[in-house]
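[1] coordinates for the following, if possible.
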Amino acid sequence: METKLGNPAPLGLFAFASTTWLLSLVNSGLADGKGITMVLAMALVFGGTVQAIAGIIAFMRGNTFPGVAFLAYGAFWISFAAYAKLFGGGAPASFVGWWLLVWGVFSFYMWIATFRHNTALQLTFLALWVTFLLLAVGDGFEIATIKTAGGYLGLVTAALAAYLSAAEIINGDFGRTILPVGPYA
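    Model (predicted):
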């Protein structure tokens, strides 16, 4: 008997979007830094674990791009929570900047790969790699205004990913375009 696996993208995208939204509220200064404990819980369970599961399902379906994206960003969130709580944080700001820059470089070439996908995904990854770049510079050089800008752009990134999650589930269930995602390359 053949087993058909559902589309993991709406779940993976929402796990990414919701966790990114919470952290970006803190990074932008719109939420108190004490909220980071909730961000870390979300990062470990939803942003990390659930996104990784979505990545595994994507690979099982033969979909490399979402498999790589969901597993990688799931690992990002798990490593973020581990760094902050398990290992106690405290790395020099310059090294945190390097860590964020590594994720920015990864996000940049994932953005290039989106040129074969829809416009909503392209915009999500464009906003994401620039968010990482701003956060890397802001944290690495301890420039609060740039980190704050990264927080605000993170909110845009999260909103784009949430929209794409909604479009994937709604359009998929209706079998037609209800929420447009733009043309595919």
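
[2] just the helices in this structure please.
    Shown for the chain, the helices assigned by DSSP state H span residues 9-28, 36-42, 51-60, 64-81, 93-113, 119-140, 144-174.

[3] show me what the mean pLDDT comes to for the last one.
    In other words, helix 144-174. The pLDDT scores in helix 144-174 average 98.

[4] residue ranges with poor pLDDT in this protein?
    Across the chain, residues meeting the criterion (pLDDT under 70) sit at 1, 185.

[5] circling back to that earlier point, in TSV: the helices of the chain, plus mean neighbour count.
    In this view, the C-beta of every residue, glycine as well, is placed from N, C-alpha and C. Output for these, formatted as TSV (neighbours: other Cβ atoms under 10 Å):
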stretch	mean neighbour count
helix 9-28	24
helix 36-42	18
helix 51-60	20
helix 64-81	20
helix 93-113	17
helix 119-140	23
helix 144-174	19
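
[6] go through these and name the closest to Val181.
    Minimum separation from Val181 across the helices of the chain (Cβ to Cβ) falls at helix 119-140, 4.1 Å.

[7] elements contacting the closest one?
    Packed against helix 119-140, as judged by 3 or more Cβ pairs under 8 Å, 6 or more residues apart in numbering; DSSP states H and E, are the following elements: helix 93-113, helix 144-174.

[8] from the chain's centroid, how far away is that helix?
    What separates the centre of helix 119-140 from the centre of its chain is 10 Å, taken as Cα atoms, centre = their mean, to the nearest Å.

[9] do stretch 11-19 as well
    For stretch 11-19, the gap between its own C-alpha mean and the chain's C-alpha mean amounts to 7 Å (Cα atoms, centre = their mean).

[10] as CSV, could you dump the C-alpha coordinates of it?
    Below are the C-alpha coordinates for stretch 11-19, written out as CSV (Å, rounded to 0.1, in the frame of the first residue of the first chain):
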residue,chain,number,x,y,z
LEU,A,11,3.6,23.8,9.1
GLY,A,12,7.3,24.5,8.7
LEU,A,13,6.7,28.0,7.4
PHE,A,14,4.4,28.8,10.4
ALA,A,15,6.9,27.4,12.9
PHE,A,16,9.5,29.6,11.3
ALA,A,17,7.2,32.6,11.1
SER,A,18,5.9,32.5,14.6
THR,A,19,9.3,32.0,16.3
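
[11] what does it rub up against?
    Contacts of stretch 11-19 with the rest of the structure, by Cβ atoms under 8 Å, 6 or more residues apart in numbering, involve 39, 42-43, 46-48, 50-51, 54-55, 58, 66, 69-70, 73-74, 77, 158-159, 161-162, 164-165, 168.

[12] 7 Å - rerun?
    Contact with stretch 11-19 is made by 42-43, 46-47, 50-51, 54-55, 66, 70, 73, 77, 158, 161-162, 164-165, 168, as judged by Cβ atoms under 7 Å, 6 or more residues apart in numbering.
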